[in-house]
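Participant: What follows is a predicted protein model with its sequence.
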Amino acid sequence: MELNKSLFSIQKKQKAKKVLFGMHTTDGLIYRFVLITLLISFSYIYLYPVLFMLVNSLKSVDDLLNPGVRWVPTTLEFNNYQTAFKVLDMPSIVFSSTWYVLKVSLITTISSALIGYGFAMYEFPFKKLFLFLMLATFILPPQVLMVSNMTVFRLLGIISSSKTMTLPALFGQGLNQSIFILIYYQFFKTIPQVLMESAEIDGASQLKIFFKIALPSAIPSIVIVFLFSFVWYWNETFMTALYVGGQVTLPLKLQAFVDSYSTLFQEGTIGARLNEAIKLAGTMLTVLPLLVLYFFAQKNFTESIDRTGITGE
Amino acid sequence: MTKVMTKVKGAILAPFKKSVEVVARFSGKHISPILEKLAYLLTHNFIYRNKESNVVLFSIIKIKVTRRRREHFYGYMFISLWIIGFLIFTLYPMFNSLYLSFTESYPHLTRGMSTTFVGVRNYINIIRSQDLIPEFQKYLGKMVLSIPLIIVFSIMISMLINQPMKLKGIWRTIFFMPVIISSGPVILELTQQDAVSLPSISESGAIGFIVNNLGSWIANPLEALFNSLLLILWYAGVPILIFLAGLQKIDTSIYEAASIDGASPWDNFWKITLPSIKPLISVAIIYVVVSMSLYVEPGGVLDQAKMHMLNGGSDSALYFGYGYAAAISWVYFILMLALMGIFIGVTSIRRKKVKRWN
């Protein structure tokens, strides 16, 4: 009887041990707990700027000055957003920057598809060299070429118009376009050649094959390329300000936030003092369209890396 | 009477007849072939013609059409967009800016650009410059310290995410978010508001301790690193996904075999995980170096190059025009390449294989 009892307790102990520590090192409760804690704390560190921005943009002036208020504002000051909305000239700037970015990114999407298809489907002399050069252009920052690009654009007579962005994009030299071409290249390589050949025998021209067979099957890649080029062109400010000029996109408008604020609220009028909360509300409004886009299409964004094929198939 | 008439007629018309004959002979010999050719050209394509499995270009060049050649042609047609763009927007600007960097050049109202060759004077001026050298030092210090940090951080996070658990997608979404929202002005705004370093770090006095006790050559970059630590970690968004993709490719049976042989998780990491994601480390380094170099700080190297380019004129004492700007960007680019090469070289050193006796 005694023996039985002690055996039973040992079994119980072992069971508890199994639940806590697991069979291997990776499936116990404690392990899970440590893992989740680590991930949560890292994501807190990672998202701290965003949280900071969100909370502080809702603070009133008193809360901003009060060191006791850090994470929970005493009152939610939505007036900050109202002011920032007015300063950024919100609905119209969102519309105009969306229009501009949409134009550039659609051109990028189509031209990258054409180029990637050419690299993937056909064999031709110096193909390896061209592919290498195409990938190497990723390493060359466009800022290095800004001096001569200014000269080229001036020669072409397209300086300070959105053509300075659309033309390079059309000819495969846009922002990070080698990545996009690579994505298409990896995808089109997986399409069976037989499909193209049978269409060719039926008398379809090469362009028709591209538009009728290759492109419709490449929709996942198209979506990824479009989303990324949209986000990257939206966020690119240095070159856009230099070549296109003015405040075409929302981030560029944010750059001039202080100036637009002081022209809107003259010295001496109500609300003339610009505080941090209003500026952060403006920043929040700037990233909001992209966050909305990310919320709906996050899966496409996070699966993009697999599609570049860098892990090697 | 009629005989006389015909004779007179003949005498009058004889020269005409002769001339008509001459014209007819001439035109038959010389003009009509030309007309025929013209007519032929008008009815046929002069530039490009298909003739019995030959392609005739400009009526002279004959090319036999084979399946291979057709494929070459279509391939070049599709990538011709890229080739043209590469020549106009990449290769020409590259050589042009290299040339400009050895000149003193300003935009000229009538002549386009006035250039005078000055040799390596721009580069010497960069080395002498009191504004640029600290910025270059800052850039190098930031890169040298933060790239290993980013790579280690992203390997760590990707290994954490890769563990079997529920709701994996949420973590991926969280760690990729900065890639979506980080643009120059947003980063600048956050930096100005002190939102990019953890308050616990800046309040702990650790930075002050470092600055007071180390030489300025290492203390300044370290201080800069701690002051924008979170932003630097934001660059890990893409590398995390790169490593995650690599980790998911590793066959789990290898780990099982290792655990049967009694390997600890520590051994697993060094002997299985790290070697199999090693090629991806180079990819991640390239990506991080490029994307960090692309961020233009106000007052930084590239911003100064832009100021020199936009404000330079022959009468300007502060700004030195296009040539100087080109030289600055070339130095920047070469430094970037050197950093990339050093980091990739260091990470891909192979340990000497232990000799085995068979």
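Facilitator: It's in. Residues are numbered from 1 along each chain as shown, chains lettered A, B, ... in the order given.
Participant: Closest residue of the stretch 101-250 of chain B to chain A?
Facilitator: Minimum separation of the stretch 101-250 of chain B from chain A (CB to the nearest CB) falls at B:Ser183, amounting to 3.4 Å. Glycine gets a C-beta too; all of them are placed from N, C-alpha and C.
Participant: can you give me phi and psi for that residue?
Facilitator: Dihedral pair for B:Ser183: phi -130, psi 160, per degrees, to the nearest 10.
Participant: For it, which non-adjacent residue is spatially closest?
Facilitator: In space, and not counting its chain neighbours, B:Ser183 is closest to A:Asn235: 3.4 Å by CB to CB, 6 or more residues apart in numbering or on different chains.
Participant: The one you found: neighbour count?
Facilitator: 25 (other CB atoms under 10 Å in any protein chain shown).
Participant: likewise the one 3 residues further on?
Facilitator: A:Phe238 has 19 neighbours, counted by other CB under 10 Å.
Participant: Next, the buried residues of the longest helix along chain B.
Facilitator: The longest helix of chain B (DSSP state H) is helix B:132-161. Using 16 or more other CB atoms under 10 Å in any protein chain shown as the test for burial, helix B:132-161 gives B:132, B:135-136, B:138-139, B:141-143, B:145-147, B:150-151, B:153-155, B:157-161.
Participant: Show me the subset of those that also lies near chain A.
Facilitator: B:Ile157, B:Leu160, B:Ile161 (CB under 8 Å from any CB of the partner chain).
Participant: how much space between the first one and B:Ile151?
Facilitator: Using CB to CB, to the nearest Å, we find B:Ile157 at a distance of 11 Å from B:Ile151.
Participant: Spell out the secondary structure type for B:Thr116.
Facilitator: Three-state call for B:Thr116 (DSSP: H, G, I helix; E, B strand; the rest coil): strand.
Participant: Is it bridged to anything, and to what?
Facilitator: Counting by DSSP bridges, B:Thr116 forms beta bridges with B:Glu104.
Participant: how about low-confidence regions in the stretch 101-250 of chain B?
Facilitator: B:109-112, B:202 (pLDDT under 70).
Participant: residue boundaries of the helices in it?
Facilitator: Secondary structure of the stretch 101-250 of chain B by DSSP state H, counting those that start in this stretch: the helices cover B:121-128, B:132-161, B:168-181, B:184-192, B:199-204, B:206-213, B:216-227, B:229-234, B:237-249.
Participant: Tell me, how many residues neighbour B:Tyr295?
Facilitator: B:Tyr295 has 17 neighbouring residues, counting by other CB under 10 Å.
Participant: Let me see the contact set for A:Leu227.
Facilitator: When contacts are counted by CB atoms under 8 Å, 6 or more residues apart in numbering or on different chains, A:Leu227 is found next to A:Leu293, A:Ala297, A:Asn300, A:Phe301.
Participant: before we move on, back to that, with the ones next to chain A among the buried residues of helix B:132-161 in mind, which one is nearest to B:Arg70?
Facilitator: Taking CB to CB as the measure, B:Ile161 is the one of those closest to B:Arg70, at 48.2 Å.
Participant: Apart from its neighbours in sequence, what residue is nearest the closest one?
Facilitator: Once flanking residues are discounted, B:Ile161 sits nearest to B:Trp171: 4.8 Å by CB to CB, 6+ apart.
Participant: my guess is that neighbour meets A:Ser43, correct?
Facilitator: Yes: counting by CB atoms under 8 Å, B:Trp171 touches A:Ser43, with 7.1 Å between them.
Participant: If you count surrounding residues, which of those two has more?
Facilitator: Between B:Trp171 and A:Ser43, counting by other CB under 10 Å, B:Trp171 is the more crowded of the two (24 against 17).
Participant: what separates that one from A:Tyr81, distance-wise?
Facilitator: For B:Trp171, the distance to A:Tyr81 - CB to CB - is 30 Å.
Participant: Among the contacts of A:Leu227, which are located in helices?
Facilitator: Assigned to helices by DSSP H, the following of those qualify: A:Leu293, A:Ala297, A:Asn300, A:Phe301.
Participant: Check those residues one by one and keep those near chain B.
Facilitator: When contact is defined as CB under 8 Å from any CB, those meet chain B at A:Leu293, A:Phe301.
Participant: from the ones in helices among the contacts of A:Leu227, which is closest to chain B?
Facilitator: For the ones in helices among the contacts of A:Leu227, the nearest to chain B is A:Phe301 (6.0 Å; CB to the nearest CB).
Participant: For the closest one, grab the count of nearby residues.
Facilitator: Around A:Phe301 there are 22 residues (other CB under 10 Å).
Participant: ok, now which ones touch it?
Facilitator: A:Ile224, A:Leu227, A:Phe228, A:Tyr294, B:Phe176, B:Val179, B:Ile180.
Participant: mind giving me JSON lines with those and columns for distance to B:Tyr106?
Facilitator: Putting these into JSON lines (distance: CB to CB, whole Å) gives the following:
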{"residue": "A:Ile224", "distance to B:Tyr106": "44"}
{"residue": "A:Leu227", "distance to B:Tyr106": "42"}
{"residue": "A:Phe228", "distance to B:Tyr106": "38"}
{"residue": "A:Tyr294", "distance to B:Tyr106": "44"}
{"residue": "B:Phe176", "distance to B:Tyr106": "45"}
{"residue": "B:Val179", "distance to B:Tyr106": "39"}
{"residue": "B:Ile180", "distance to B:Tyr106": "40"}
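Participant: Out of the helices of the stretch 101-250 of chain B, indicate the one that is most buried.
Facilitator: Ranked by mean neighbour count under mean count of other CB atoms under 10 Å in any protein chain shown, the helices of the stretch 101-250 of chain B are led by helix B:237-249, which reaches a mean of 23.
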